[in-house]
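Colleague: Need coordinates for the below:
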Amino acid sequence: MTSARTRSWLRLSLYWLSLTALACGDEASTAAPAASSSAGTTAPAQPSAGTRAPAATSGVSGASGPYTAGLGGPNVSPGAGRASAADGGKVASTGAAGEHSGAAGQVAGQASPAAGIGGEGGAGTGAVAGQGATAGSAASGPRLPAVTSTAADGPFAATQALDSGPKGKSGLFRPRELGQNGLKHPLFVWGCGGSSTPMQYADQLLRVATHGFIVIAEVSTIGDNGAPLKAAIDWILAENARADSPLYGAVATDKIAMGGHSIGSANTFFVAEDPRLTTTIHIAGGSLDDVNSPFAPTTGMGGARLVHPVAYICSMSDTFNNVEKTEKDYANTRVPAWMTVMTGVEHVGAARSGLPATIAWLRWHLAGETERRSAFLDSGGEFNSGIFVSRSKNW
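Modeller: Model (predicted):
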């Protein structure tokens, strides 16, 4: 006799598979899948050709192109490395490496001589007064190049490998040139939604990489309790210490964020107390009291265990009642927290619609851009207006 756990898992799997089919649609017959690196599990893929300059429009919600395919879901395209002109031509047409193009006239990896990386606290050093460090100590060194918008590609050319990580199944997205002028790149660990893979989030995570972040994406499953996410941090830090690794010495090991979509968000709660983290981002995935049943009620116990500043990003139309679940997490959160419910957005599209906020949050908490605080916390701020119905506490 089929158990309640099995029935819940089957319902979740069928739901994601149906969305995947809708998202891929006609593109499956015209786009070749993104090729993964042949360099093994430790070396990122190298781009096979140059980049394509962005078009005039490059917003996440373009009128056409992979960002709007399939109900706005994570399946940007079955082959990372395609983008329409309306989408800004963000991904090079080479396909295999899925390389992003940097902002015109800027050198990939170019660092600013301005103040050191840091959050709130002490003063930084450099040619311009710094922002300070979260722990209150001064942080020096090159900063990420400034950007005018987090809804468009950043100034770094970026590349991907879909056969990376601890088991050769992770997605690794990173700036093509690492460590320019001594820059250390912050790390973002990503948990994919149920029955999804890193390839289905590739366009979004490549965009994060164009802003100077190293991103590793893990497949998340119900009941794994975030173990793959923790293993991803361990692997990246080991690569940072391995002399023959492409990541050698390039990672800002004290600037690590973790986040995920749907079950990837739920699993992030299990690892959120890791002292190596700086912040967590939970997208359309409240914590689960019963990790084997995404439809079961929850008490918001995940919010109570958080020890780092947190961003909750929800979609108003959510199949799994994640707004209600996240409300309980938010109520139980004792650390600095920001929560938004995006109007006109459904569960699968939450990661894409919330991408500008995700990048801005990373730039604030990992790259020391404390000027972004107002975009989240001020009335009428960029992420406290429009589709973002937001609140915050404990700041």
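Colleague: do you know how far residue 239 is from residue 170?
Modeller: Distance, residue 239 to residue 170, using CB to CB, to the nearest Å: 11 Å. In this view, the C-beta of every residue, glycine as well, is placed from N, C-alpha and C.
Colleague: of the two, who's got more company?
Modeller: Remark: of residue 239 and residue 170, residue 170 carries more neighbours, 27 against 24, as counted by other CB atoms under 10 Å.
Colleague: quick one, what contacts the more buried one?
Modeller: Neighbouring residues of residue 170 by CB atoms under 8 Å, 6 or more residues apart in numbering: 164, 198, 216, 217, 218, 232, 235.
Colleague: Show the buried residues in the residues you listed.
Modeller: 164, 198, 216, 217, 218, 232, 235 (16 or more other CB atoms under 10 Å).
Colleague: Mind putting these into JSON lines with pLDDT, distance to residue 141 and secondary structure?
Modeller: Output for those, formatted as JSON lines (pLDDT from 0 to 100; distance: CB to CB, whole Å; DSSP: H, G, I helix; E, B strand; the rest coil):
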{"residue": "164", "pLDDT": "98", "distance to residue 141": "26", "secondary structure": "strand"}
{"residue": "198", "pLDDT": "98", "distance to residue 141": "29", "secondary structure": "helix"}
{"residue": "216", "pLDDT": "98", "distance to residue 141": "22", "secondary structure": "strand"}
{"residue": "217", "pLDDT": "98", "distance to residue 141": "27", "secondary structure": "strand"}
{"residue": "218", "pLDDT": "97", "distance to residue 141": "28", "secondary structure": "strand"}
{"residue": "232", "pLDDT": "98", "distance to residue 141": "24", "secondary structure": "helix"}
{"residue": "235", "pLDDT": "98", "distance to residue 141": "24", "secondary structure": "helix"}
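Colleague: with these in mind, which one is nearest to residue 175?
Modeller: residue 216 (13.6 Å; CB to CB).
Colleague: Quickly note the distance from that closest one to residue 261.
Modeller: In terms of CB to CB, residue 216 sits 15 Å off from residue 261.
Colleague: what pLDDT does residue 78 get?
Modeller: If you check residue 78, the pLDDT there is 30.
Colleague: same deal with residue 64?
Modeller: Looking at residue 64, the pLDDT reads 27.
Colleague: Contact partners for residue 236?
Modeller: 187, 189, 214, 216, 247, 251.
Colleague: do the same with residue 323
Modeller: Contacts of residue 323 by CB under 8 Å, 6+ apart are 314, 315, 316, 341.
Colleague: Is it part of a helix or strand, or is it coil?
Modeller: helix (DSSP: H, G, I helix; E, B strand; the rest coil).
Colleague: still on that earlier bit, which of the contacts of residue 170 sits closest to residue 271?
Modeller: The closest of the contacts of residue 170, once distances to residue 271 are taken by CB to CB, is residue 232, at 9.7 Å.
Colleague: Narrow the contacts of residue 236 to those in strands?
Modeller: Residues of the contacts of residue 236 located in strands (DSSP state E): 187, 189, 214, 216, 251.
Colleague: just to revisit the earlier point, could you dump the contacts of residue 323 to CSV with neighbour count and secondary structure?
Modeller: Output for those, formatted as CSV (neighbours: other CB atoms under 10 Å; DSSP: H, G, I helix; E, B strand; the rest coil):
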residue, neighbour count, secondary structure
314, 27, strand
315, 26, strand
316, 15, strand
341, 21, strand
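Colleague: quick one: which of these is nearest residue 207?
Modeller: residue 315 (19.1 Å).
Colleague: who does the closest one bridge with?
Modeller: Beta-bridge pairing of residue 315 under DSSP bridges involves residue 342.
Colleague: how near is it to residue 351?
Modeller: 9 Å.
Colleague: before we move on, what about residue 222?
Modeller: 18 Å.
Colleague: more neighbours, these two?
Modeller: residue 351 (33 against 21).
Colleague: Now the more buried one: which helix or strand?
Modeller: helix 350-353 (DSSP states H and E).
Colleague: Tell me which other helices or strands that helix touches.
Modeller: Helix 350-353 is packed against strand 310-317, strand 337-346, with contacts defined by 3 or more CB pairs under 8 Å, 6 or more residues apart in numbering; DSSP states H and E.
Colleague: So which of these is the most surrounded?
Modeller: Across these, averaging neighbours per residue (mean count of other CB atoms under 10 Å) puts strand 310-317 on top, at a mean of 24.
Colleague: I'm done for today, thanks for sticking with me.
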